[in-house]
Structure formats: structure tokens, C-alpha cells
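# After the sequence you'll find the predicted model.
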Amino acid sequence: MKKINSPSNPIIKEVKGLYKKRERWNKKLFLIEGVKIVEECIKWNIEPEYIFFSNDLFKTTGGERLFNEIKKYDHKLINLPNRLLKDISDTKNPQGILAVLNFNDIDFRVILEKKDKFIIILDEIQDPGNMGTIIRTADAFGASGVVLTPNCVDIYNPKVVRSTMGSLFHIPIAQVEDKIQLIEELKNKHVKIYATSLESANYVYDIDFRRDFALVIGNESKGISQQILDLADNIVKIPIMGNAESLNAAIASSIIMYETVRQRS
């Protein structure tokens, strides 16, 4: 175990740099923070590059139990004063623990190899909370994986990571550079493409989600790109009985994922 007391230490400077997307992608490293997500990391046998903790960890519910788990990574453990951990934290009330992990790059063809395909495609989703919630919901409903198209918010953004609540470690997440090629490869594998749009005449309960399919969730303001709408096998919408014009992207995707599980059950 190592102790660091100075904010000018090179390791501390490196950690602070990881709040910038460019630094994350240059180093292929990202941050996780809090007892719950570090517990999930350890539970899923993901070995961190560093684990930082302060005495505040032992004042947090579950903190002492977690410390007993992370002791096996003694050579990765770094003890910080409370003030220094708060300085490198991204939350209002730090729980006294923060870790640095390597990127987990997955080829989307790994998701394609799964049986009973139920794939979520995020088309230029920009809100970190939406992305994290969709990933967490996809994990809860047993989706095959999540695929991110270009111009989505960074999957390793600390707000995205935090809102996944550990689901980032449970479900395959792939990123692609060409969304049209992605759709064409899915169609070649006989995976139906379902897109969401308020303009559709088809409600979700009219669609057969028991077959292999990929559901496209569009950008919060622009919706799904016209290129994907043109290639979709079906365009669906959720019935809205009240006066709201539309639903949040995360809520809409959750409803459709629930309908999928209902049908498949």
C-alpha cells in the first residue's frame, strides 16, 4: 500500500486529467467512484489500475466490508487524506473511495454472436444520465448488449459511469464508427431493426419482439437520424394518453424493453 499526501504528485495529476475526454481516450483509462460501483468492479473480477481511499471510507455504509475486499489489491491501493480525495472526487459527498480502470473495448460482433438477440442501439444520445439509465435498464431486462453510434456522449464520462450503477460491468457495450454499416450487418444476420418515432402508426404492443431485433433509441432533441429510419424494418411508438408531447429517451426505451420481456416470458 502507498500513501500520497501531495496534490502535486504525478499520480494525482493523472487522475485529475481523466475528467477530460481527451485524456481518458489517450490513456484508455477511466474513473469509478463510490462504494457500490467499486464493489461491482471487484465482484466481476475487474482489476483496477489504482484504488484510492481515505478514512472517510470507514464512515460510509459498507465501507469497512469493501476495504476488506480490496486489501487483496495491496500493490494498487493508495491511501489519501480526506481533503485530497475530496479534491479529486467528482461528487458532492464523496464516500472515500475512487478507482481507475482500463477501457473495456468490445467488438459489436461479440453481441451479434448471442442467441435470442435483443440489442439496444443508441443513436447520438447526448445526456449522460439518459445513457447510464438506458444501460442499467438494458442490463436489468437481459438485453444482449448496447451499441453506441458516433456522436454519443462518452461512455466513460464520470456521470455516465455513475448512473449505470455498475451495469457497465455486466452487459457488453460496443462502439461503432459507421452506423449504416452496423445496420446492414445486423440485417444480413436477419436481425430486425425497430426504430422509435412519434410519427409511426404502429404501437409497441403490435410488434413481435420475440424474434431477433435491435431497437434504436434516438437523440433527445433530433430523434433518430433519417438514414436509420429509412433502413428500419418497422417504426414504433408508445401510446401517450395525456398531454405530454413525448417521453424522455431513457423512459421510452425502458417501456419497450419491458414489453420485450413481457412477450418473451
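Alright, I've got the coordinates.

# Determine the set of other helices and strands touching the longest helix along the chain.
Criterion DSSP state H: the longest helix present in the chain is helix 249-264. The contact analysis (3 or more CB pairs under 8 Å, 6 or more residues apart in numbering; DSSP states H and E) places helix 249-264 against strand 118-123, helix 128-140, strand 192-196, strand 213-218. All C-beta spots, glycine's among them, are computed from the backbone N, C-alpha and C.

# Please identify which of the ones you listed is closest to Asp90.
helix 128-140 (11.4 Å; CB to CB).

# got the CA positions of the closest one in PDB?
Coordinates of each C-alpha in helix 128-140 appear next as PDB, following Å, rounded to 0.1, in the frame of the first residue of the first chain:
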ATOM      1  CA  PRO A 128     -25.100  11.300 -19.600                       C
ATOM      2  CA  GLY A 129     -28.000  10.400 -17.300                       C
ATOM      3  CA  ASN A 130     -30.000   9.000 -20.100                       C
ATOM      4  CA  MET A 131     -27.200   6.900 -21.400                       C
ATOM      5  CA  GLY A 132     -26.400   5.500 -18.000                       C
ATOM      6  CA  THR A 133     -30.100   4.800 -17.200                       C
ATOM      7  CA  ILE A 134     -30.600   3.000 -20.600                       C
ATOM      8  CA  ILE A 135     -27.500   0.800 -20.000                       C
ATOM      9  CA  ARG A 136     -28.700   0.000 -16.500                       C
ATOM     10  CA  THR A 137     -32.200  -0.800 -17.800                       C
ATOM     11  CA  ALA A 138     -30.800  -3.000 -20.600                       C
ATOM     12  CA  ASP A 139     -28.900  -4.900 -18.000                       C
ATOM     13  CA  ALA A 140     -32.000  -5.400 -15.800                       C
END
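
# So for that helix, what gets flagged as buried?
128, 130-140 (16 or more other CB atoms under 10 Å).

# Quick one: list the elements packing against that helix.
strand 118-123, strand 145-148, helix 158-164, helix 249-264.

# Run through the residues that contact the nearest residue to Ala140 once chain neighbours are set aside.
Once flanking residues are discounted, Ala140 sits nearest to Ser167: 7.6 Å by CB to CB, 6 or more residues apart in numbering. Listed by CB atoms under 8 Å, 6 or more residues apart in numbering, the contact set of Ser167 reads 135-136, 138-140.

# Ile235 versus Ser167, what's the distance?
According to CB to CB, to the nearest Å, Ser167 and Ile235 sit 27 Å apart.

# Next: Ala250.
Distance, Ala250 to Ile235, using CB to CB: 20 Å.

# Then Ile70?
For Ile70, the distance to Ile235 - CB to CB - is 48 Å.

# And Leu80, by the same measure?
From Leu80 to Ile235 the distance is 52 Å (CB to CB).

# Can I get the buried residues of helix 128-140 in CSV including distance to Asp105?
Shown next, in CSV, are those (distance: CB to CB, whole Å):
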residue, distance to Asp105
Pro128, 20
Asn130, 22
Met131, 17
Gly132, 19
Thr133, 23
Ile134, 20
Ile135, 16
Arg136, 20
Thr137, 23
Ala138, 18
Asp139, 18
Ala140, 24
